[in-house]
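Trainee: Provided below are the primary sequence and the corresponding predicted coordinates.
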Amino acid sequence: MAVDLLHALHENSGLYLYRVGDRLGLAPNPPEEVRLTLSRHKLALLRALEEGERVEAAALLRDPHRLAALLAHALGGEAPVVLTGYYEGPPTRYLVAVDRLTPYLAWAALPLPRRLHLAALDGRWAVDVVGGWEVALEAVVAGTRHVLLYPEDGARGWLEAARAGLALHEVSVWRPGAAPRPLLLTAA
């Protein structure tokens, strides 16, 4: 689950991650539980880092461009990505090859967006990162895995709407400072 990766990075925000070829380096050496979580997401972390780059875990969480790319890679797949950026003015939409997503978002890193929405062209997943996010939701809705980083009110509103009109499954919630937890879904 992507929220497990977010939790591991947040709880070890001083950890540095670096890429050397197909090797993911970690410094200093994190606790075993963290290493296991990061190893499950090794491919995503490698794809979210440029060759030879050394990035602090906190920087991956703080930068919406880096965070969106990391989450997209964590959700996997090789389909192109539809990237919608909400900067000043009307939204901008681009079609980006998944293997070019990290360098593209690094280039697009100015200015900071109000919101970034990424979706796999094959419909398997979607990522939505809203500025000022406080909570992360990971849910399967009508066959699509969503990872949403929203302010508290936005997350609550999304859940209410999804419960009312869609087939909502496998919901996990994560808030910085707390462990991810499944959300019990009850009939309305």
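Mentor: Thanks, I have it.
Trainee: tell me where this protein has helices.
Mentor: Using DSSP state H, the helices assigned to the chain run over residues 2-11, 32-40, 42-47, 57-62, 64-75, 101-107, 152-165.
Trainee: now the first one, how far from the centre of its chain.
Mentor: Same thing as helix 2-11. With Cα atoms, centre = their mean, to the nearest Å as the basis, helix 2-11 stands 10 Å off its chain's centre.
Trainee: residue 179: which of the helices of the chain is closest?
Mentor: helix 2-11 (6.2 Å; Cβ to Cβ). The way it works is simple: take the backbone N, C-alpha and C, and place the C-beta from them, glycine included.
Trainee: tell me the mean pLDDT for the closest one?
Mentor: The average pLDDT for helix 2-11 rounds to 94.
Trainee: quick one: contacts of it?
Mentor: 15, 34, 37-38, 40-41, 44, 57-58, 60-61, 70-71, 74-75, 136-138, 147, 172-174, 176-177, 179-180 (Cβ atoms under 8 Å, 6 or more residues apart in numbering).
Trainee: ok, and what's touching stretch 99-108?
Mentor: If you take Cβ under 8 Å, 6+ apart as the criterion, stretch 99-108 is touched by 47-50, 65-66, 68-69, 72-73, 78, 81, 83, 85, 94, 96, 118.
Trainee: go ahead and confirm residue 20 touches residue 52.
Mentor: Yes: under the contact definition of Cβ atoms under 8 Å, residue 20 touches residue 52, with a separation of 6.8 Å.
Trainee: higher neighbour count, those two?
Mentor: When residue 20 and residue 52 are compared on other Cβ atoms under 10 Å, the one with more neighbours turns out to be residue 20, at 13 against 9.
Trainee: contacts only, for the more buried one.
Mentor: Counting by Cβ under 8 Å, 6+ apart, residue 20 touches 51-52.
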